[in-house]
Structure formats: structure tokens, C-alpha cells
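1. I'd like to go over a predicted model; first the sequence, then the structure.
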There are 2 protein chains.
Amino acid sequence: MKFHDYLFDLPTYQAGKPLEEVMASYHIPPENIIKLGSNENPFGVAPSAKKAIIEYANLASVYPDDSYSDIKKSLANKYDVKSDNIIIGSGSDQIIEFCVHSICDSAKTILMAQYTFAMYEIYAKQCNANIIKTTSFFHDLDSMIDMYHRHKPDIIFICTPNNPLGEALKRVDLIEFLNKISTDCLVILDCAYMEYCAYKDNDFAIYPKDIVEFPNVIYLGTFSKIYGLGGMRIGYGIANDNIISLLHKLRPPFNVTTLSLRAANASLQDIDFISKTLQNNFTQMQRYYVFADEYGLEIIESYGNFVTFLLHDKLNSTTISSFLLKQGIVVRDLSSYGLNAMRITIGTPSQNDFLLSKMAGILISYKDSF
Amino acid sequence: MKFHDYLFDLPTYQAGKPLEEVMASYHIPPENIIKLGSNENPFGVAPSAKKAIIEYANLASVYPDDSYSDIKKSLANKYDVKSDNIIIGSGSDQIIEFCVHSICDSAKTILMAQYTFAMYEIYAKQCNANIIKTTSFFHDLDSMIDMYHRHKPDIIFICTPNNPLGEALKRVDLIEFLNKISTDCLVILDCAYMEYCAYKDNDFAIYPKDIVEFPNVIYLGTFSKIYGLGGMRIGYGIANDNIISLLHKLRPPFNVTTLSLRAANASLQDIDFISKTLQNNFTQMQRYYVFADEYGLEIIESYGNFVTFLLHDKLNSTTISSFLLKQGIVVRDLSSYGLNAMRITIGTPSQNDFLLSKMAGILISYKDSF
């Protein structure tokens, strides 16, 4: 077959060993696994969403109402925008895919931060686009503007709060930046962790209502993080309706499950669950800062639901992650990002107790070998 | 933004009015709606799948095991192929998307039957590929070979049983056809309704085990039809592992929900449900043939879970579909395919009672106006 040549150079997806198999080989029962590697909500699914899934399980056989009008109405209401400003995706990931596929080919260029969500690059490579990255460690809008002027990219990715580092951008700075970008260039604001960020410091909140005013900017949100629906694959894009109507041309029918729509709509209303999640996150995050201080580890201040430890040369993120895995704790080793670092989701109090005690044990044992 | 020019010519997705809204305007309560327009399983979700959804509702917050090893093992076992021969999609639709996107651009051509699943053309247009169609009413392998030699397409689509007409191809004929196609050309066998077809007449059964022997052919199956999981968006492709590993490069991580994987695995084992579905389908289908005979309507013999009526000039498919809709019955008007025809999913006995009685009423009232 005449598959596109460039696809052969794309990193092949390697099906990782399922967690259950890994854990079984360490004799750890599934119920004892602590998943702090994927930034899921540590309190699990919102009670209202679980109720909706059970109540509507019968609808598993029925294709969703493909207009997605209910969830769009709820989001439009929440964000004070119109339903026409919204597109629903199989996770916000799929909206990234629509954006990249609608613009990119080998003549196009995307600009992104050096350390940010890995899928931006993968989707761009699927279309053989050129990829350029800033050299700054965190998102740096000045250096991004500089590269924008030099390289004239067709798409710029901004992730705030940024995954996997955790830093965020001030609203005033971001809006100033957006005003400097030509309408020829699509700016994708990935705001998967925005609820956490806005709670922590309102100066860092980005509002979709402001974003739809720009003809060339899209805001991405998700139900996978604070809303506790990582397994249900539902996210959204909010933008000027010209962008949204174009992206709809690439949306396959029925790209979200019937039960995901019901669960998402229910979770949006679950104020108590959201509030409990936010409070736990920042209270518990303090313990990680104190821990880092106590053990002389470098930790990045985070605006999301995770913290990232930057390890010094004598500690290796892959070794430590493997140690933790053997204790039943999953964290995200960032070696694949070219970093000697670990990203850890902020868990429940008892999960954090367990992780911090195990990590203390490892660090003490390592200390002896320095 | 520099969106691809050709996307602007793609038919814009129009969010249809949700069924509930349409029915409310006719004062029909949702529980009285009979959905025979989307070829869903009329018995709904398999009991085992419903049980799995409820049992694992807690997992809604957890990203799926992205290796999809459990469902791949089950399918490999069922079809006597290897897990490496299988890719899982958000419906078999998404596998079509991977295939088209991995090959097509404006220099590439796809060949398809004149009347077949509309999404083949839409995915090809997303990549600006050329589209050619046979002129025969049904799939005709001789005319397809003729066009293949004349146009040298890069992809050929074969849908057996065919949606929306219902005809199917004999295994021996299809294998002979596949042997005539160069390995440069990918042949996509869309077998979404194959379980029905194989039950009706084994000579028309296509086996994935035979297909993986071809280096350039892929078999597509789905959980949306006989397995009763239309709303859960899960399907699969089975092919030579070289094809599968290339397609995996385009598969986004977590493209299927955690609960869809559990439900699909459960439904695969639900022998009683499958058996009841198959028996009902072909027993009840007879009633449609008898009805067509009685009312002088042209009906196509079907190998799927639906029948298609070809209407004569004095009847209009859009008018009749609208009449039925007002009675609470949803069928598929095929006017968008350029046909004066209606596709009707075979329902439960009581659904068919209701539909046939209402249709009889309409036909009698029409007769007076001839």
C-alpha cells in the first residue's frame, strides 16, 4: 500500500503491559494499587455521574443524539458563550487532532513549549508538519513571540496550567500575547487543568468568554480531570463560531459515547464533588512542598492537580518510579520528556500518606549510597 | 487561519434536532418512540454488558488500559487470529478514518460502490482524495475490477452485507476478487453486519482468518450492531500485522472508553443474547417480505438486520418517513443517498406489528390519492 512515507518514522505505539499484569507480577492485589500517574481525580467518579451511568446503562445500545445539544447547552451556560461556540470531542485530545488535521501538512509549522503535552507533537507528525519548540524551561511568552516572528508558525500551542511541569500563565499576559498574533495563526489554549488554576489564583484564570472574541484562538477543556471522567473520553473546544463550524467538518458522527454525555452533564452540576476535590488538592499539595523541603528535592510550584519533582543527578527518575511501582504506587516518570523528573498526581490524604512514606524510605536508602 | 482550502467544500455537519425535541413537538413521550432508523439491536444492550457497565461504573474516572489487551485477546480467540492482527477503534468508523488518513491526499483515489456507507466518501474528502464509484446498483465485483484496472485506486471499499441496501457477497467470489488486486491497493472490507449474514447463509460468511493472509486487506467489525453497543462506540479492524502496526501510529491513546471495553468483552460471551437476536431478525424479516408482496412494494433481500424498500414514483420516501415519525416510528429515509427508498431496522415482534400496521394505513390512504 502507498501509506504516507512519513508515517513510518512516527514512533510506533507500543501497547504497554497492563497495570494489572505488572502488579500481579509483584503480587499486589488490584485494590491496593494507588494510581497517581495520570492526573485522574483521586476521589474517582463524581457521585452524580456514577448515578447517571447506572441509571442510563440501558442506553448503551443507542447511538447518542449526535447534536450533543444537552451538554453544549450546559457548557454554554457555565461559560456564558453560545452553543455554536462549542465542539465536543473524545477527550480534548480529539479537538487537538481536529485542529492539527484541519491545517497541517508538510508546508506547515507548529510552535510549542519545550516541555509540554507530548500529543501536540505526535498529532503534528501525523500530518508531516514541522515542529519548533522554545528553548525556555517553562512557557515563556517573550521567547514564544520571538520565535513566532522568526518562524511564522501556523499553529501555536499554549498549555496553561502546563502538563507536565505545572506552571501557569497570568490572564493579563496571555491576552497581551494573543493580541500580538496574526489571525493567520491558530492559537490552541489547552486548559485541561484550568479549574484547579482558577481556584488557586484568579489572576491565572482564563475565560472562554474572552477567548471567543479572538477569531484565531481556541480554548480546550476536559471532563477527564476535575470532573473525574478520565475513562469516559469527553472534552470540548470553545472558540469563535467560524473556527467551530470548520472543525465540525472533521468530527466523525457519534465521536462520544451515549453514557459519557449523560455522565458529563451530571458531573457539571456536582458542586460538592468539585469543591471537595479543589480543597483536597491544594491542602494536600502543601505536604509535597514540605516534603521536598525536608528532603532537599526540587519541586515546581503547581497550578494543576499534580506536582513535579526535578531530581538531582544522584537520583534517577526511572529507578525511583520503578521502586514506587513495586510498592503499588504508579507515578509518571518524565524520562520520556528528556527530564530526570517525576510527575505525581495529588491523591487523597491516605494515598499521599502512603506515597510520601514510601518515597521517604527510598530517599533515605539512596542517601546511604551517595 | 490557513485551514486546508478543500475543507470548506465539505458538507458542513448540521446538528439535527434531537429526537426527543422532534417527538415532543408531536406530543409523543420518549418511551413510545420506536427507533428503527439506525440498525441498533432492537433488544437493546446485552444483559451481560449492562451488568458490566453497572458493576464497573466506578471505573469511569480511570483511563482505560491503553493496550486493550483483554478485548484483543477475546477477539483473537473468537476469530482464531493473533492480538497483533487487531486494532480497536471508536466504532469501526474510526478504523476507516485511520485507513483513509494513512494513505490519502489529493493525489490518491478511492473506489467504492454507488450506494454504500456514506462515511467512506466523507473521510476521503477530509483528505482531499479523488472518489470514484461503480455505476451498478448493487456491489458488482466485475465492474469493480474493471474500474480498478482503469483508475488504479489506492483504496477500495467493499461493504458486505452492504449498508444501506442489504446485499452481500459470496465468500468464494470475494476471495477471487481480492486475489486480483495488487498489494499496492488497500481493500477495506466493512463487515459491520457480518454476524447476521453468516447466520443466514454460510456461503456469504467472510472469515478474518482468511483476510489476514492478504498483505493489503483489512476486515472491519463492530460491537454497535448485533452486540447491542451502538452507544458505546467500539469496533475493530483485523488485518496482517504490518497494516495493523502502521494504523496504530494514527490511533490516539485512549480512543475507547473504559466502560466500552468492559461492556464489549461481556457482550462477546453473551451467546443467548446473540442467538435470540439472530433468530428474531430473520423470522421477523419474513414479515416484511410478505408485507411488500401484499402491498406491491419492491423490497431488497437483506443479509443484515434491516430491509430496504425501493419506492415507486407515486410514493415519496421523505413523505412516508415523516408520516411514520409522527406516529413515533423512526426509519431511515434514503433520499440523502439519492434514492427514493427507506431502510428499516428489523425490530422486536411488537415493534414490527406497530410499524407494519402504521405503514399499511399510510399505503392505503395513499392508494386513494393515486
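-> Here it is on my side, so go on. The shown structure was predicted, so the numbers you read here are calculated from the model rather than taken from an experiment.

2. Help me confirm that residue A:156 is found in a strand?
-> Yes - counting by DSSP: H, G, I helix; E, B strand; the rest coil, residue A:156 is found in a strand.

3. Does it touch residue A:178 like I think?
-> No - look at residue A:156 against residue A:178 with CB atoms under 8 Å: they stay out of range, at 9.5 Å. C-betas here are computed from N, CA, C, even on glycine.

4. These two: which has the busier surroundings?
-> residue A:156 (24 against 19; other CB atoms under 10 Å in any protein chain shown).

5. show me the contacts for residue A:157.
-> Counting by CB atoms under 8 Å, 6 or more residues apart in numbering or on different chains, residue A:157 touches A:110, A:111, A:112, A:113, A:116, A:117, A:120, A:188, A:190.

6. Make JSON lines from the residues you listed and add pLDDT and secondary structure to it.
-> Converted to JSON lines, these look like this (pLDDT from 0 to 100; DSSP: H, G, I helix; E, B strand; the rest coil):
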{"residue": "A:110", "pLDDT": "98", "secondary structure": "strand"}
{"residue": "A:111", "pLDDT": "98", "secondary structure": "strand"}
{"residue": "A:112", "pLDDT": "98", "secondary structure": "strand"}
{"residue": "A:113", "pLDDT": "98", "secondary structure": "coil"}
{"residue": "A:116", "pLDDT": "97", "secondary structure": "coil"}
{"residue": "A:117", "pLDDT": "96", "secondary structure": "coil"}
{"residue": "A:120", "pLDDT": "97", "secondary structure": "helix"}
{"residue": "A:188", "pLDDT": "98", "secondary structure": "strand"}
{"residue": "A:190", "pLDDT": "98", "secondary structure": "strand"}
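
7. now those residues: which count as buried?
-> A:110, A:111, A:112, A:113, A:116, A:117, A:120, A:188, A:190 (16 or more other CB atoms under 10 Å in any protein chain shown).

8. Turn the residues you listed into a markdown table, columns for distance to chain B.
-> Below are the buried ones among the contacts of residue A:157 laid out as a markdown table (distance: CB to the nearest CB, whole Å):
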| residue | distance to chain B |
| --- | --- |
| A:110 | 12 |
| A:111 | 14 |
| A:112 | 17 |
| A:113 | 20 |
| A:116 | 16 |
| A:117 | 11 |
| A:120 | 12 |
| A:188 | 11 |
| A:190 | 15 |
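
9. What's the local residue count around the residue of the stretch 101-250 of chain A found nearest chain B?
-> Closest residue of the stretch 101-250 of chain A to chain B, CB to the nearest CB: residue A:231 (3.2 Å). Residue A:231 has 27 neighbours, counted by other CB under 10 Å.

10. Go ahead and confirm it touches residue B:260.
-> No - applying CB under 8 Å, one finds residue A:231 not in contact with residue B:260, separated by 9.2 Å.

11. What ranges does chain A have for its helices?
-> For chain A, applying DSSP state H gives helices covering A:19-25, A:47-55, A:69-79, A:92-103, A:119-126, A:141-151, A:171-179, A:194-200, A:208-211, A:241-248, A:258-268, A:271-295, A:317-326, A:349-369.

12. Low-confidence ranges, chain A, go.
-> Low-confidence segments of chain A (pLDDT under 70): A:12-17, A:367-370.

13. Report the contact partners of the residue nearest to residue A:237 when sequence neighbours are not counted.
-> Once flanking residues are discounted, residue A:237 sits nearest to residue A:95: 3.9 Å by CB to CB, 6 or more residues apart in numbering or on different chains. With contact set as CB under 8 Å, 6+ apart, residue A:95 has these partners: A:87, A:89, A:218, A:220, A:235, A:236, A:237, A:247.

14. how close does residue A:234 get to residue A:90?
-> Distance, residue A:234 to residue A:90, using CB to CB, to the nearest Å: 7 Å.

15. Between the two ends of stretch A:47-62, how far is it?
-> 23 Å (CA to CA, to the nearest Å).

16. That one: which residues count as buried?
-> With burial defined by 16+ other CB under 10 Å, the residues of stretch A:47-62 counted as buried are A:48, A:49, A:50, A:51, A:52, A:53, A:56, A:57, A:59, A:60, A:61, A:62.

17. Farthest pair within these?
-> A:48 and A:61 (23.1 Å; CB to CB).

18. what does stretch A:45-62 rub up against?
-> By CB under 8 Å, 6+ apart, the surrounding residues in contact with stretch A:45-62 are A:227-229, A:258-259, A:262-267, A:269-270, A:273-274, B:35, B:40-41, B:44-45, B:49-50, B:53-54, B:57-61, B:228-232, B:259, B:263.

19. Can you go through those residues and name the buried ones?
-> Neighbour-count burial (16+ other CB under 10 Å) applied to the contacts of stretch A:45-62 gives A:227-229, A:258-259, A:262-267, A:270, A:273-274, B:35, B:40-41, B:44-45, B:49-50, B:53, B:57, B:59-61, B:228-232, B:259, B:263.

20. quick one on the thing from earlier: among the buried ones among the contacts of residue A:157, which one sits closest to residue B:361?
-> The nearest one, if we look at the buried ones among the contacts of residue A:157 relative to residue B:361 and count by CB to CB, is residue A:188, at 54.3 Å.

21. Next to chain B, which bits of the stretch 51-200 of chain A? Give me the list.
-> Contacts of the stretch 51-200 of chain A with chain B, taken as CB under 8 Å from any CB of the partner chain, map to A:53-54, A:57-70, A:90-91, A:93-94, A:97, A:101-103, A:105, A:108, A:119, A:126, A:154, A:183-186.

22. Which entries within those residues meet the buried criterion?
-> By neighbour count, with 16+ other CB under 10 Å, these hold A:53, A:57, A:59-70, A:90-91, A:93-94, A:97, A:101-103, A:108, A:119, A:126, A:154, A:185-186 as buried.

23. so what's residue A:247 closest to, chain neighbours aside?
-> Nearest to residue A:247 is residue A:98, by CB to CB, 6+ apart, at 4.5 Å.

24. so that neighbour makes contact with residue A:252?
-> No - if you go by CB under 8 Å, residue A:98 and residue A:252 don't touch, sitting 9.9 Å apart.

25. got the domain boundaries for chain A?
-> Residue ranges for the domains of chain A, per the TED database: A:14-45+A:272-368, A:47-270.

26. Need the winner for burial among the ones you listed.
-> domain A:47-270 (a mean of 21; mean count of other CB atoms under 10 Å in any protein chain shown).

27. That one: end-to-end distance?
-> Using CA to CA, the two ends of domain A:47-270 sit 8 Å apart.
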